[in-house]
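**Student:** Test case, fold it:
(2 chains)
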Amino acid sequence: DGGITQSPKYLFRKEGQNVTLSCEQNLNHDAMYWYRQDPGQGLRLIYYSQIVNDFQKGDIAEGYSVSREKKESFPLTVTSAQKNPTAFYLCATNRGRKPDEKLFFGSGTQLSVL
Amino acid sequence: AQSVTQLDSHVSVSEGTPVLLRCNYSSSYSPSLFWYVQHPNKGLQLLLKYTSAATLVKGINGFEAEFKKSETSFHLTKPSAHMSDAAEYFCVVETSGTYKYIFGTGTRLKVLA
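**Tutor:** Residues are numbered from 1 along each chain as shown, chains lettered A, B, ... in the order given. Modelled structure (predicted):
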């Protein structure tokens, strides 16, 4: 069954803790993206990667880190430096061959602070 | 830098009346433009996209959008709203071939019976 798998669905972070959100895809897409969704603010780009072992900062990268060691995987770490991490996090992919390609989205992870 | 502005955070229409959701973008280059829809507790779905082939773009579920370069706009319209159209709509821009997709803040559409 092809698609994008985000896990966990719900995640709780304690103060001072780093947490990692998983995004795995079996669509054979080159490009992967992390967005944060907050009510009234739409989706804001955190990081994106067009190829393995390379990634770029989006508009709100501070307090986040990523890696792209495999084509299928693009994990996002929310560090303790991110002071307001409560949000819905969406992973997206596309082939990355042309700019007009649509994005495919995972089902998201809701992160909350304890 | 590229950006996109959705001019209305909420729009209410009666069932059977036209829908207009407004989007303006800023870009130094010819952009790729998209509209996505997010129904409550559902994933994001592509409605339509502009890729310079034609300025009037038709999408799914009767929606269409017109690219107006002189006005830097890409407004979404539908002739007759249906209850099932109630959702949040996002305008998205990509410019310069950066593969960086920027979302607007969204417009929540409410359809009244």
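
**Student:** From now on I want contacts and neighbour counts done on CA atoms only, so please keep to that.
**Tutor:** Fine.

**Student:** which bits of chain A sit near chain B?
**Tutor:** A:40-45, A:48, A:50, A:58, A:96, A:98-100, A:102-103, A:105-107 (Cα under 8 Å from any Cα of the partner chain).

**Student:** Can you name the residues in contact with the helix or strand hosting residue A:11?
**Tutor:** Per DSSP states H and E, residue A:11 falls inside strand A:10-13. Applying Cα atoms under 8 Å, 6 or more residues apart in numbering or on different chains, the contact partners of strand A:10-13 are A:19, A:109, A:110, A:111, A:112, A:113, A:114.

**Student:** Please pick the buried ones from the residues you listed.
**Tutor:** Those of the contacts of strand A:10-13 that meet the buried threshold are A:19, A:109, A:110, A:111, by 16 or more other Cα atoms under 10 Å in any protein chain shown.

**Student:** Nearest to residue B:35 among these?
**Tutor:** residue A:109 (22.7 Å; Cα to Cα).

**Student:** Chain neighbours aside, what residue packs nearest to the closest one?
**Tutor:** residue A:9 (4.6 Å; Cα to Cα, 6 or more residues apart in numbering or on different chains).

**Student:** close enough to count as contact, that neighbour and residue A:106?
**Tutor:** No: if you go by Cα atoms under 8 Å, residue A:9 and residue A:106 don't touch, sitting 10.4 Å apart.

**Student:** So for the two, which sits in the more crowded spot?
**Tutor:** residue A:106 (21 against 15; other Cα atoms under 10 Å in any protein chain shown).

**Student:** what lines up beside the longest strand belonging to chain A in the sheet?
**Tutor:** Criterion DSSP state E: the longest strand present in chain A is strand A:42-51. Strand A:42-51 has the following strand partners under DSSP bridges: strand A:31-38 (antiparallel), strand A:54-57 (antiparallel).

**Student:** could you pull out the strands for chain B?
**Tutor:** Under DSSP E, chain B gives strands at B:3-6, B:10-14, B:19-21, B:23-26, B:32-38, B:44-50, B:56-58, B:64-68, B:73-78, B:87-94, B:102-103, B:107-112.

**Student:** contacting residues for residue A:90?
**Tutor:** Neighbours of residue A:90 in contact, by Cα under 8 Å, 6+ apart: A:34, A:35, A:36, A:37, A:105, A:106, A:107, A:108, A:109.

**Student:** rerun at 6 Å
**Tutor:** A:34, A:35, A:108 (Cα atoms under 6 Å, 6 or more residues apart in numbering or on different chains).

**Student:** Just want the most central residue of chain B.
**Tutor:** residue B:35 (3.7 Å; Cα atoms, centre = their mean).

**Student:** and the nearest residue to that one once chain neighbours are set aside, what is it in contact with?
**Tutor:** Distances taken as Cα to Cα, 6+ apart place residue B:91 nearest to residue B:35, at 4.6 Å, with adjacent residues excluded. Remark: with contacts taken as Cα under 6 Å, 6+ apart, residue B:91 is in contact with B:34, B:35, B:103, B:104.
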